[in-house]
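> the following comprises the amino acid sequence and a computationally predicted model.
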Amino acid sequence: MGELNTSIFLAINQMSGQSAFFDKIIVIFGDYLAYILVAAFLGLFLYKSISRFDKIALFVTAAAGAILGRGVLVEIIRFFYHHPRPVVALPQIQPLIFESSYSFPSGHATLFFMLSAVIYHYNKKIGVIFFILSAFMGLARIAAGVHYPLDILGGAILGILIAGVCIFLTRKYFKYINFV
């Protein structure tokens, strides 16, 4: 599986370094898109058609998922499983984004796929947009040389599972909130 993971990484990563413009697009999607998605998530709270209770449920679910997923589980996994980033394992790689921690699972993928799943549970159309943008972010982070494909896939699966747990717990403990 390691050879296939590396082969897919190299195929995607070869897109970087072809042009300065395309490298900037990779960096925007791989690094700065995170800020845009967080701002868009916070923008959901400005919709007047969303009830106050639904806003609270959405925020509590996403906050719990972020803390549990990115803040706790990703760090526990990285503490016990030391998977070096591609730039460490493959010295010929010139990363476009610099990260120093271990690579599996991707913290970005965990956080943003969790957020996408929570939003999808609340609003299918906006959730699909978040999923698509989260996938582009993951691909861009591979192209930028920061993650292997399995790092992104592992983070995405972890994020979606965490969202499911947090949605279940929010619904259980906030029974008065009507989820759509």
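Structure's in. What do you need?
> tell me the SS of the most centrally placed residue in the chain?
In the chain, the residue lying closest to the centroid (CA atoms, centre = their mean) is A109, at 2.4 Å. Classification of A109 using DSSP: H, G, I helix; E, B strand; the rest coil returns helix.
> buried set for the helix or strand hosting A57?
Element membership of A57, judged by DSSP states H and E, is helix 52-66. Neighbour counts using 16 or more other CB atoms under 10 Å place D54, K55, A57, L58, F59, V60, T61, A62, A64, G65, A66 of helix 52-66 among the buried residues. Glycine gets a C-beta too; all of them are placed from N, C-alpha and C.
> with adjacent residues omitted, what lies nearest to the second one?
Put plainly, it is K55. F45 (5.3 Å; CB to CB, 6 or more residues apart in numbering).
> repeat that for the last one.
Setting aside the residues directly before and after it, A66 is nearest to L111 in space (CB to CB, 6+ apart), at 6.0 Å.
> output the contacting helices and strands for the longest helix anywhere in the chain.
Counting by DSSP state H, the longest helix found in the chain is helix 149-173. Packing contacts for helix 149-173, counted by 3 or more CB pairs under 8 Å, 6 or more residues apart in numbering; DSSP states H and E, involve helix 2-13, helix 52-66, helix 107-122, helix 124-143.
> before we move on, the earlier item: quick one: which two of the buried residues of helix 52-66 are the most distant?
By the measure CB to CB, D54 and A66 form the most distant pair in these, at 18.4 Å.
> list the contacts of stretch 7-16.
With contacts defined as CB atoms under 8 Å, 6 or more residues apart in numbering, stretch 7-16 is touched by 22-23, 26, 86, 90, 93-94, 96, 139, 142-145, 148-149.
> relative to V60, how far out is Y122?
Y122 sits 12 Å away from V60, going by CB to CB, to the nearest Å.
> oh sorry, the question was meant for G155
On the measure of CB to CB, G155 and V60 end up 22 Å apart.
> now do P91
P91 is 45 Å from V60, by CB to CB.
> try F168
The gap separating F168 from V60 is 13 Å, by CB to CB.
> can you say which of the helices and strands packed on helix 149-173 is packed in most?
Ranked by mean neighbour count, the helices and strands packed on helix 149-173 are led by helix 107-122 with a mean of 26 (mean count of other CB atoms under 10 Å).
> show me how far that one is from its chain's centre.
Relative to its chain's centre, helix 107-122 lies at 7 Å (CA atoms, centre = their mean, to the nearest Å).
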